[in-house]
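Colleague: Task: produce atomic coordinates for the following.
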Amino acid sequence: MSNVKLRSSNGEDFLVRKAAALQYSEKIKAVIANLPATLDVVPLVTVTSHVLQKVTDYCNTKSAMGGEGAEKESGWEARFVQDMDLLSLYDLAVAATDLGIPDLFDLAYESLGERVRSAEELGVSYKVQDDVFFHSNCPSEILE
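Modeller: Numbers count the residues shown, from 1 in each chain. The predicted structure is shown next:
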């Protein structure tokens, strides 16, 4: 089984199964098709190493599970994003968009949507007692 080497914006290399990269990423597929024979690495200048690690893990695992639906039935997708903080999830969603991996974007975006809270929920979470203070200092777009 052949692998493809992907290089992050900060110069770290990651291996992904070539079949997985071609199946799940439109951008990587296009880059590989146009990659000169003398180059053995796909440069991804918009993706940092911590995000690229998650992208390669996602593609390799999804490919190994072999088929749509298998990962949802096993709960793997939920566990994949479970411990990620909001900023990392956002970075993952942006990378998935840039790399043309719609299933990964959907997963990151859904997880973000489940975690983002309304202004009132934030007030309860952080034990804000004074609603007037909270509402006068909270940006209006959050309160809507």
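
Colleague: what about the residue nearest the centre of the chain, which helix or strand?
Modeller: With distances taken as C-alpha atoms, centre = their mean, the residue of the chain nearest its centroid is residue 92 (2.4 Å). Residue 92 is part of helix 86-99, with elements assigned from DSSP states H and E.

Colleague: helices and strands around that helix, which ones?
Modeller: Where contact means 3 or more C-beta pairs under 8 Å, 6 or more residues apart in numbering; DSSP states H and E, helix 86-99 is packed against helix 26-34, helix 49-65, helix 102-115. Every residue, glycine included, has its C-beta placed from N, CA and C.

Colleague: need the ones you listed in a markdown table with distance to residue 7, mean pLDDT and mean neighbour count, can you?
Modeller: As requested, these are exported to a markdown table (distance: least, C-beta to C-beta, whole Å; pLDDT from 0 to 100; neighbours: other C-beta atoms under 10 Å):
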| stretch | distance to residue 7 | mean pLDDT | mean neighbour count |
| --- | --- | --- | --- |
| helix 26-34 | 11 | 87 | 14 |
| helix 49-65 | 8 | 92 | 19 |
| helix 102-115 | 19 | 90 | 16 |
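
Colleague: what would those look like in CSV with distance to residue 2?
Modeller: As requested, the helices and strands packed on helix 86-99 are arranged in CSV below (distance: least, C-beta to C-beta, whole Å):
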stretch, distance to residue 2
helix 26-34, 11
helix 49-65, 13
helix 102-115, 22
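
Colleague: Quick one: closest of those helices to residue 13.
Modeller: helix 49-65 (9.0 Å; C-beta to C-beta).

Colleague: Relative to the whole chain's centre, how far out is that closest one?
Modeller: Helix 49-65 has its C-alpha centroid displaced from the chain centroid by 9 Å (C-alpha atoms, centre = their mean, to the nearest Å).
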